[in-house]
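> Fold the following for me, if possible:
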Amino acid sequence: MTKPTIIREDQDSFFYNLRFMLIVCVLVGNALEPLITRFAGAEALFLWIYTFHMPLFVWVTGYFARHSVQGAPGRNVLKQIAVQYVLFQTLYALMDYTVFHTPHMRLSFFAPYLLLWFLASHFCWRLLLRLSLSWKPMYRLMTSILLGVIAGYLPIDGFWLSFSRTFVFLPFFMIGYDYGGVIRSRLQSGLARNVAAALSAGLLIWIAFGGLGISAGWLTGNMTYAELGRHEWYAGIYRLGVYTLEMGSGALFLAWVPSLTSKLTDMGRRTLYVFLLHGFLVRLTVWSGAYNNMETSLYIPVIVCIALMFAITLAHPVVRHAFRPLIEPDLSRFHFNRQGGLKRSAPWFR
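As a prediction, the model looks like this:
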């Protein structure tokens, strides 16, 4: 007699499940972006995704950072993020130069290429966290919110080393680090969970009917208040309103996330590969002209299914085996412990 499959519930399993669901949302959002000016349905789905997916992704990242901030593990993670950023910034630039023949192409490590802003910001979030580890968690959170609000007033190009997004999304990293486990343990089940899931779907319907009334720039976090059309001295209040929306939408979306360990959990352990590699697929799809032939909103569910398929494929163990030397290089050769032996670096994107 074969033994029954044991499905267990684990707090980390919840976060891995959430991480894979969020990386699917990242792919769907990036795939829909070329269509948001043409189809209202694409714009509604895009805006709904952006009300929660990056705040929650940063939150999850903060949660998993709790064991690798200080000491040698923390330094190893920072080195790995830096190597990944330099390497993929170069690869994406080479693709633009050789495949797409982008005019006036110039490689710069101070302007993150598309999705690579997350690596630059993650590096900075960890540094800011290390600087504030002696503070009480509430002080860290309040300071991060204040910095997120102030960032919108500064006349600085938000793309420069992902300056704007670093501070705008900083509160979610701090919440994940300090309160991620507590929030997870207090998630309701049963009727309350079903109601939250229904409200999350209701938010999508509300946005589809024009209820949101803000531009995507408020959700992407890379624009100043002036660029968003708000020149008033109290423009920061709008940022607080957006924070409220994102926290509410994120809390509702958590109701969709299963807690049991499953294949979803396993794929959630390899989202780093999906994250770093999917940009090549999206850029190649846009370059191929495939979007030019999409003349009806019926293509939206097709795009969602293809994005899901890409995410599952890129999270496959075979992809990890093939690209691990590139994405998770062994940096131990560059680091020696006190006994003179080599010390292995731990992957930051567990």
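
> contacts and neighbour counts: CA atoms only from here.
Fine.

> Report the buried residues of the helix or strand harbouring Lys79.
In this structure, Lys79 sits in helix 71-98 according to DSSP states H and E. Under the neighbour-count criterion of 16 or more other Cα atoms under 10 Å, helix 71-98 has 73-74, 76-81, 83-86, 88-90, 92-94, 96-97 buried.

> Work out the gap between that helix and the centre of the chain.
16 Å (Cα atoms, centre = their mean, to the nearest Å).

> Stretch 288-295 too?
27 Å.

> Mean confidence (pLDDT) on it, please.
Regarding stretch 288-295, the rounded mean pLDDT is 89.

> First-to-last residue distance for it?
Length of stretch 288-295, first residue to last, Cα to Cα, to the nearest Å: 16 Å.

> what's the answer for stretch 151-167, then?
OK, stretch 151-167 end separation, Cα to Cα: 7 Å.

> now do stretch 181-193
Across stretch 181-193, the terminal residues are separated by 18 Å (Cα to Cα).

> Pull out the buried residues from it.
For stretch 181-193, by 16+ other Cα under 10 Å, it's Arg193.

> For it, which outside residues touch it?
With Cα atoms under 8 Å, 6 or more residues apart in numbering as the test, stretch 181-193 has contacts from 11, 63, 255.

> Can you name every helix or strand that the helix holding Lys79 contacts?
Here helix 71-98 touches helix 117-131, going by 3 or more Cα pairs under 8 Å, 6 or more residues apart in numbering; DSSP states H and E.

> Off-centre distance for the helix or strand just after the helix it packs on?
Heading C-terminal from helix 117-131, the first helix or strand you meet, by DSSP H and E, is helix 137-151. Relative to its chain's centre, helix 137-151 lies at 20 Å (Cα atoms, centre = their mean).

> Over to stretch 257-269?
Using Cα atoms, centre = their mean, the offset of stretch 257-269 from its chain centre is 17 Å.

> What is the end-to-end distance of that stretch?
One end of stretch 257-269 sits 15 Å from the other (Cα to Cα).

> Could you pull out the buried residues of it?
So stretch 257-269, judged by 16+ other Cα under 10 Å, has buried residues 257-262, 264-269.

> before we move on, the earlier item: quick one: the helix holding Lys79 to helix 117-131, angle?
In terms of direction (axes from the mean of the first three to the mean of the last three Cα atoms, to 10 degrees), helix 71-98 departs from helix 117-131 by 160 degrees.

> that older thread, in CSV, list the contacts of stretch 181-193 along with pLDDT and neighbour count.
Putting these into CSV (pLDDT from 0 to 100; neighbours: other Cα atoms under 10 Å) gives the following:
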residue, pLDDT, neighbour count
Gln11, 72, 13
Tyr63, 96, 22
Ala255, 93, 21
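
> Out of those, which sit inside helices?
11, 63 (DSSP state H).

> from the contacts of stretch 181-193, which single one is nearest Tyr225?
Distance ranking of the contacts of stretch 181-193 against Tyr225, using Cα to Cα, places Tyr63 first at 29.4 Å.

> The closest one and Arg126 touch, don't they?
No. Look at Tyr63 against Arg126 with Cα atoms under 8 Å: they stay out of range, at 11.8 Å.

> what number of residues lie near Tyr291?
Residues near Tyr291, counting by other Cα atoms under 10 Å, number 15.

> give the contact list for it.
If you count contacts by Cα under 8 Å, 6+ apart, Tyr291 has them with 34-35, 285.

> In helices, which of the residues you listed fall?
With helices taken from DSSP H, the overlap with the contacts of Tyr291 comprises Thr285.

> and the contacts of Tyr291 as JSON lines, adding neighbour count?
Below are the contacts of Tyr291 laid out as JSON lines (neighbours: other Cα atoms under 10 Å):
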{"residue": "Pro34", "neighbour count": "15"}
{"residue": "Leu35", "neighbour count": "21"}
{"residue": "Thr285", "neighbour count": "13"}
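
> and Ala235, what pLDDT?
At Ala235, pLDDT is 95.

> Contact partners for it?
Going by Cα under 8 Å, 6+ apart, Ala235 touches Tyr225.

> roughly how far apart are it and Pro55?
Applying Cα to Cα, the value for Ala235 to Pro55 is 21 Å.

> Next one: Ser132 from Asp330, what distance?
Counting by Cα to Cα, the separation of Ser132 from Asp330 is 29 Å.
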